[in-house]
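**Q** Provide a 3D model corresponding to the input given below.
(2 chains)
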2 protein chains.
Amino acid sequence: MAPVIIKNYRTIATEKRAQRWDKIPKDWRIPEAQFQDALINVMDIPVTCGLLNETERAITSDYDATALLEKLKARVWSVEQVVVAFCKRAAIAQQLTNCLTEIFFDEAIERARKLDLDHGGDKSREKDLPPLFGLPISLKDSFQVSGYDTSTGLGCYTYQPSEENSALAAMLTDLGAVLYCKTNLPQSIMTGDSDNNVFGRTLNPRNKMLTAGGSTGGEGALLALRGSILGVGTDIAGSIRVPSVCNGIYGFRPSVGLVPHGGVRDLTPPGTDGVRSTAGPMATSLRDCALFIKSILQADTWRYDSTAISVPWVSLKPAKHQLRIGLAENDGVYTPSPPVRRGLKRAVDRLRQSNDIDIIPITLSDVKLHCQDLVSYLTLSGSNYYHEQFARTGEPVVPSLEAIGLLSVPGTTLQGLLDLNVRRAEAAKTYLKLFRDNSLDAILMPPAPHTAVPLDTWTAATYTGLWNYLDYPAIVIPVDQVRDIDCADDLSNAKFGPDDERLYRLYTGPEQYKGAPVCIQVVGYRHRDEALTKTAAVLDSIINGNLST
Amino acid sequence: MAPVIIKNYRTIATEKRAQRWDKIPKDWRIPEAQFQDALINVMDIPVTCGLLNETERAITSDYDATALLEKLKARVWSVEQVVVAFCKRAAIAQQLTNCLTEIFFDEAIERARKLDLDHGGDKSREKDLPPLFGLPISLKDSFQVSGYDTSTGLGCYTYQPSEENSALAAMLTDLGAVLYCKTNLPQSIMTGDSDNNVFGRTLNPRNKMLTAGGSTGGEGALLALRGSILGVGTDIAGSIRVPSVCNGIYGFRPSVGLVPHGGVRDLTPPGTDGVRSTAGPMATSLRDCALFIKSILQADTWRYDSTAISVPWVSLKPAKHQLRIGLAENDGVYTPSPPVRRGLKRAVDRLRQSNDIDIIPITLSDVKLHCQDLVSYLTLSGSNYYHEQFARTGEPVVPSLEAIGLLSVPGTTLQGLLDLNVRRAEAAKTYLKLFRDNSLDAILMPPAPHTAVPLDTWTAATYTGLWNYLDYPAIVIPVDQVRDIDCADDLSNAKFGPDDERLYRLYTGPEQYKGAPVCIQVVGYRHRDEALTKTAAVLDSIINGNLST
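**A** As a prediction, the model looks like this:
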């Protein structure tokens, strides 16, 4: 029986977009003369469009969250100044890339004023300020924020404002942060292109012809443009890491449950379990990812979320030993494209030159099988539930969702699920052995076989998905971008079969991929997220010359 | 099709019991004159039977594990002396209660000698000794110990010596402990009576007419007789806590995954998940439970077990606030029997007299429903798998397994499992709210509606099972025993319906229940196991006058 369509998705989309536009103050709208829609790279526009004054430019351009937090606590600027600056820059980013869904600048500015008032003036009491005092933080649309829709870009969930905050939104607010907007994501929250029928597609500000990634693509674009410097995504197969790769930012997929995920809307059938989505930070520096995780883990997550695994932050001392880094040049399924190979090699060369790192070549076993099982976990009940949700407002399937084939997976039975569990338990043993027998501190590998790719062509999730399957924490670190030397090479370099060849063919050379960031992925052991932040900081400082925390 | 029976269970049982008997040295066998089979309470026999010399008596009688460990590290006795003493006393306990399955005294004594040799003489290096240096620890049969069967009392798994240690056995050995025997459990590892067709039934040394409890009943009896002072059980519905109640010892069911459970034989179909068994300590003092948990959590469990949740021990400071203890006098399903009510009241009265404790009366909601769902989780695939395992050696179902009805549960579908997950997620929110809104440090309640009951009549698992369903850590603390004043009272006191009445009827008065321990249960929040040990220590010190650690 066809469902009764209360309201067609087109009407909803028109209304929602108009409402969103109304939330952007008139004098924050980019003058048409500045818009230059034909520009492929819009990274400079926030600063050149003339909407930000010099203070706002400095606040939003010159600091990472850690540094900005110091300024906020030292009262260099009021919270209001900082929040207004980021609201304004987020508004600009929205106009350039369509990265936002729900906008609540007014409430954010009001809260900023209240924070200024409540903690007025007295610098001597800096240590009494809440840990994230006044820091603007953006959230993926799937996090419930009281008073606003959690539509996840689906027509059927619009006009149902949340009655309470998701656990993380509540927690961040209690920690002193200021929430000011939510960001775009794909229909189904499962694809590598943040495109849906309500809000449309988010564009990649570095190259609008390439995907902004997904599913946390709105955050990716917003952070690249510094309309936010600390955002929160979720990741069940790569949804934090893929947009981090596409937009050249840092992204941290923590072990499941460490960061409260309660009150996040999933689109899988209620009760689906096996592989769980995890919430984590996206930022412009690694130490901001650490700041986020540390602030959360120190703050009794269990009080906020009945699904949390409250692993405390223990302020680990730096490792006394030579760090041992397992190097996986590929995942045995897809061959990395030339710029990805070059970026990894460059990073490894720098690490090798350091005296603090041992590089141990490793092979990742059975990645294809494990990722097939990951897909089975994600579609235990098949795809009817997705179709039902889409049908309520008559909305079509977006191209990227069609492309990944998720909607044609048939689902399984209880016995099928038990079989999945058995295989994964074996895989968990194998990978623990890999870590333990090699005394690894982390695994270094590409985060994907390619950089950002043309729209709706991101279909490979093996590099990221393996770690969701095993629930290992993983961090994306930008190390370079596609350069003129990154010529396309012969298809014969793709050694893993026809699927590999098909994907390898995507890379056509530096012209089409201009500006695409090149990143690495650093993977730690399950629940050893704090140890991973330490290890990754050392690697980042060697590779990128950033200060480790 | 009936399975081909390779070997009948009766033959196996006869052989296994004969082999076990052979493992007890001739001069450790209780003289027939001392045996007094008619004795109902055999608690004195280990000391009066004449087999232990004065040093052995002192070693095994006068200390808890914490104190004994100090003596071991101070070299008051050699490891060999200590291990021989406990092997001997375990052999005596075996003869009195049938509590052991696999015996490896010879290997244990050899290892003890090696430990003495490796860490010879030099007291000044006490701090370099492994944390559990020389401490004898007993394990439930389901833990794999290399070279010995992990039959779990099933004929079909005999004569298949384990090729490697379970994660916990490996870990305890690395920590310096000495494993010397494994202990008895029920067919299916699911009942409250440790009775199976291979090893037979374990008896309660305090009153042989009452059950020793299950499923970790062998540990219970062994610890009551001090044939061990630190044992390890597993608990999926009460299997650590029920025998702790029956035998009057301390038992700690940790949150799932904190203590490595890898390599423990489960009898559920491979891949079964949802509610997991957890490993935990049973001991003669609360501080020994804490010693165990602390030693494990400090030692990187993740290195040993791919299923572990490595929550670190953070050496929590004692709470600065008045402790807030939620008091649940019953679970709304079964009415506690007169001695259980009296024991709880006595404990609460003492706590109320203290100035450090606030008692907050609470109600546990929907316990019956939650425990029905617990049973559904434990029988996702129905009972065919049990029957298949039993059929391989033609063994019948033991009475206690028949009594609990587990084998007639039909199993469910994938959708049924998702529905269970949805209901449990709601329950988890409700119970978090209970903890949080009342600012509870712990919940105090009976561990069961009754004390040890006559053989094969323990069928109620609601008081313990609720916390498996929610995965909350829970500790059993002995507070008294049945006394002459504990008369049976009117059936009208049982207010929760016919099932409650049926169970309430079991208590016939102090004559039949002579010597039965009375215990309380202290429940903490999920993963806050360390906080629970601190809280429980305060309660224990007030109620029992024991030193808190």
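**Q** for the closest residue to residue A:217 other than its chain neighbours, what are its contacts?
**A** In this structure, residue A:217 finds its nearest non-sequential neighbour in residue A:194, 2.8 Å apart by CB to CB, 6 or more residues apart in numbering or on different chains. Just so you know, the C-beta spots here come from the backbone N, C-alpha and C atoms, and that holds for glycine as well. Contacts were defined as CB atoms under 8 Å, 6 or more residues apart in numbering or on different chains; by that measure residue A:194 touches A:99, A:184-186, A:201-202, A:212-218, A:220-221, A:243.
**Q** Can you pick out the most distant pair from those residues?
**A** Pairwise distances among the contacts of residue A:194 were taken by CB to CB; the largest, 14.2 Å, belongs to A:201 and A:216.
**Q** neighbour-wise, which of the two wins?
**A** Relative neighbour count places residue A:216 above the other of residue A:201 and residue A:216, with 39 against 21, counting by other CB atoms under 10 Å in any protein chain shown.
**Q** Stretch A:145-165 and chain B, are they touching?
**A** No: contact between stretch A:145-165 and chain B, assessed by CB under 8 Å from any CB of the partner chain, is absent, since the two come no nearer than 11.4 Å.
**Q** Just the buried positions in the helix or strand residue A:344 falls within, please.
**A** Here residue A:344 sits within helix A:338-353, counting by DSSP states H and E. When burial is assessed from 16 or more other CB atoms under 10 Å in any protein chain shown, helix A:338-353 yields the following buried residues: A:338-344, A:347-348, A:350-351.
**Q** so which of those would you say is closest to chain B?
**A** Each of the buried residues of helix A:338-353 was checked against chain B using CB to the nearest CB; the closest is residue A:351, at 24.4 Å.
**Q** got a list of what that closest one touches?
**A** A:325, A:357, A:359, A:444, A:539, A:542-543.
**Q** Farthest-apart pair in the residues you listed, please.
**A** By the measure CB to CB, A:359 and A:543 form the most distant pair in these, at 12.5 Å.
**Q** When these two are compared, which one has more neighbours?
**A** The residue with more neighbours, out of residue A:359 and residue A:543 and counting by other CB under 10 Å, is residue A:543; that gives 23 against 16.
**Q** pretty sure the more buried one contacts residue A:478?
**A** No: under the criterion of CB atoms under 8 Å, residue A:543 makes no contact with residue A:478, lying 9.8 Å away.
**Q** Show the residue spans covered by the helices in the stretch 1-150 of chain A.
**A** Using DSSP state H, counting those that start in this stretch, the helices of the stretch 1-150 of chain A run over residues A:9-22, A:32-35, A:45-48, A:54-61, A:65-73, A:79-97, A:105-118.
**Q** which stretches of the stretch 351-500 of chain A form helices?
**A** Taking DSSP H, counting those that start in this stretch as the criterion, the stretch 351-500 of chain A carries its helices at A:367-378, A:384-391, A:399-404, A:414-437, A:462-470, A:498-504.
**Q** Tell me how far the last one lies from the chain's centre.
**A** Spelled out, that is helix A:498-504. Distance of helix A:498-504 from its chain centroid, counting by CA atoms, centre = their mean, to the nearest Å, is 26 Å.
**Q** what do you get for the third one?
**A** A distance of 19 Å separates the centroid of the chain from that of helix A:399-404, by CA atoms, centre = their mean.
**Q** in it, what's buried?
**A** By neighbour count with 16+ other CB under 10 Å, helix A:399-404 contains the buried residues A:400-401, A:403-404.
**Q** re the thing from before, now, the contacts of residue A:194 that are in helices?
**A** Assignment to helices by DSSP state H places the following of these there: A:217-218, A:220-221, A:243.
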